[in-house]
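pasting the sequence and the predicted coordinates here, then a few questions.
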Amino acid sequence: METASPARVQALAEAGVPHLPPQYVQPPEHRPAPSSHPAAALSIPVVDLSFASAADAVRAACEDWGAFHVIGHGVPVEILDAMRGAGLAFFRSPMEDKLRFACDPARGAAAEGYGSRMLANDDSVLDWRDYFDHHTLPESRRNPSNWPDFVPGYRETIVKYSNSMKDLAQRLLQIISESLNLPPSYIEEAVGEVYQNITISYYSPCPQPDLALGLQSHSDMGAITLLIQDGVGGLEVMKDGMWIPVAPLPDAVLVILADQTEIITNGRYKSSVHRAVVNAERARLSVATFYDPSKSRKICTTPLLVSRDEPQKYRDIVYGDYVSSWYSKGPKGKRNIDALLIQQ
Ligand SMILES: O=C(O)CCC(=O)C(=O)O
Ligand SMILES: [Fe+2]
């Protein structure tokens, strides 16, 4: 159990607070823009993995967006629905049950379990979000007794979903490698043994959604993130300096390139900067599956994508050092990866 238990956002929302508490008020420059900007007409690419031309579509999507929907991915819809259903059943359960699985603040910001705030420092604006984080791979980290026991089938659902997302992520990393003329196993081998976390995010209705963010602007730190969501909408990706809403596409899986893929590919493919906005009426659920290196893994740019015309952009880095610098500084609207830029 948490000692200095931070208020869960869901408890604030359900108590019907009429105004956004001050810790959640974003500075004006970070507040969500009115949704009427012209770029809202753009929408992120959809790649059908069952097409023979998938690698070409993936290349275009990675170069232009760093994020794309995949359909024809072969993961049974029942597995996606079971995952969303288990997540929703958890968040709809009584607070006292949920708090039995609260993450342990003594274990730092990345602890497994039910939590609300991602960053350790007290000065940052809080996200209007609660989450449940699961450590799912390698199997030595997988301890289902840390996961809810009061939702029937919950633990089995997580295990099944974890395995399906691992397979899909590996298939995508192969296609991404091939799309850059690298050997198919290149990125997977550069990442090494996969450390997978699954985070269910729950964004309660917000009394003043124009002043808040569900999740502040960031890029994901690992190699690749696979995200599913419900039909509510709220995720936005940054493209050419503008925030573009990602409209939910039923049964698709959203692929988000993360920082280590950018480092390995020498910036040919950029990690996607994204955030979640909230609304006043409907709760929203998403499930993000992170495919990360181990903390001790050294991540290096492939020499195959370094040349006189394209010199190495980023310093090699031990992944654990990268993660600690993120948790100590926070995203601050900037990409962590910029700290690794080699001065040309
Ligand atoms: O809820 C979402 O749509 C985004 C979640 C996300 O970006 C994350 O957990 O890193
Ligand atoms: Fe993210």
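Sure, I can see it. Ligands and ions are numbered 1, 2, ... in the order given.

tell me the pLDDT at the residue nearest the centre of the chain?
Closest residue to the average C-alpha location of the chain: residue 288 at 4.9 Å, with CA atoms, centre = their mean. At residue 288, the pLDDT value in this model is 98.

which ones are touching it?
198-199, 201, 220, 225-227 (CB atoms under 8 Å, 6 or more residues apart in numbering). For the C-beta atoms, the positions are set from N, CA and C on the backbone; glycine is no exception.

pull the distance from the helix or strand bottoming out on mean pLDDT in the chain to the chain's centre.
The weakest-scoring helix or strand in the chain, judged by mean pLDDT, DSSP states H and E, is helix 319-329 (a mean of 85). Between the centre of helix 319-329 and the centre of its chain there are 16 Å (CA atoms, centre = their mean, to the nearest Å).

just the helices in the stretch 1-150 of the chain please.
9-14, 54-64, 77-91, 95-99 (DSSP state H, counting those that start in this stretch).

out of those helices, nearest to residue 189?
Closest to residue 189 of the helices of the stretch 1-150 of the chain is helix 54-64 (CB to CB; 18.4 Å).

before we move on, the earlier item: rebuild the helices of the stretch 1-150 of the chain as TSV, extending it with mean pLDDT, distance to residue 156 and mean neighbour count.
Output for these, formatted as TSV (pLDDT from 0 to 100; distance: least, CB to CB, whole Å; neighbours: other CB atoms under 10 Å):
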stretch	mean pLDDT	distance to residue 156	mean neighbour count
helix 9-14	95	25	18
helix 54-64	97	31	18
helix 77-91	98	9	18
helix 95-99	95	18	13
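
so the residue of the stretch 51-200 of the chain found nearest ligand 1, which state does it fall into?
Relative to ligand 1, the nearest point of the stretch 51-200 of the chain is residue 199 (5.0 Å; CB to the nearest ligand atom). The three-state label given to residue 199 by DSSP: H, G, I helix; E, B strand; the rest coil is strand.

quick check: bridge partners of it?
residue 133, residue 288 (DSSP bridges).

count of neighbours near it?
Counted with other CB atoms under 10 Å, residues neighbouring residue 199 total 19.

would you mind measuring from it to residue 136?
Plainly put, residue 199 is 10 Å away from residue 136 if you go by CB to CB, to the nearest Å.

thinking again about what came up before, the residue nearest to the centre of the chain and residue 229, how far apart?
Taking CB to CB, one finds residue 288 at 9 Å from residue 229.

now the strands for this protein?
With DSSP state E, the ranges of strands along the chain come out as 46-48, 67-71, 113-115, 130-137, 195-203, 215-218, 224-229, 235-239, 242-245, 253-257, 274-276, 284-292, 298-299, 317-318.

can you redo the ones you listed as CSV with distance to residue 58?
What follows is the strands of the chain, written out as CSV (distance: least, CB to CB, whole Å):
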stretch, distance to residue 58
strand 46-48, 6
strand 67-71, 7
strand 113-115, 34
strand 130-137, 23
strand 195-203, 21
strand 215-218, 23
strand 224-229, 12
strand 235-239, 16
strand 242-245, 19
strand 253-257, 8
strand 274-276, 18
strand 284-292, 16
strand 298-299, 21
strand 317-318, 25
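
go ahead and confirm residue 104 touches residue 113.
Yes: between residue 104 and residue 113 there is a contact at 6.9 Å, judged by CB atoms under 8 Å.

the two: who's more crowded?
More neighbours surround residue 113 than the other of residue 104 and residue 113, with 21 against 14 (other CB under 10 Å).

residues touching the more buried one, list them.
Neighbours of residue 113 in contact, by CB under 8 Å, 6+ apart: 101-104, 132-133, 146.

give the closest residue to it in space, chain neighbours not counted.
With CB to CB, 6 or more residues apart in numbering as the criterion, residue 113 has its nearest non-adjacent residue at 3.3 Å, and that residue is residue 103.

burial measure for that neighbour, as a count.
Counted with other CB under 10 Å, the neighbours of residue 103 add up to 21.

residues touching it, list them.
Counted by CB under 8 Å, 6+ apart, residue 103 has contacts 2, 111-115, 133.

show me what from the protein comes close to ligand 1.
199, 201, 215, 220, 227, 229, 235, 274, 276, 286, 288 (CB under 6 Å from any ligand atom).

now do the contacts for the second one.
With contacts defined as CB under 8 Å, 6+ apart, residue 201 is in contact with 129-131, 214-215, 276, 285-288.

closest one to residue 267 among the helices of the stretch 1-150 of the chain?
Per CB to CB, nearest to residue 267 of these: helix 54-64, 11.0 Å.

quick revisit: distance to residue 260 for the helices of the stretch 1-150 of the chain - can I get that in JSON lines?
JSON lines is the format used below for these (distance: least, CB to CB, whole Å):
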{"stretch": "helix 9-14", "distance to residue 260": "30"}
{"stretch": "helix 54-64", "distance to residue 260": "14"}
{"stretch": "helix 77-91", "distance to residue 260": "24"}
{"stretch": "helix 95-99", "distance to residue 260": "32"}
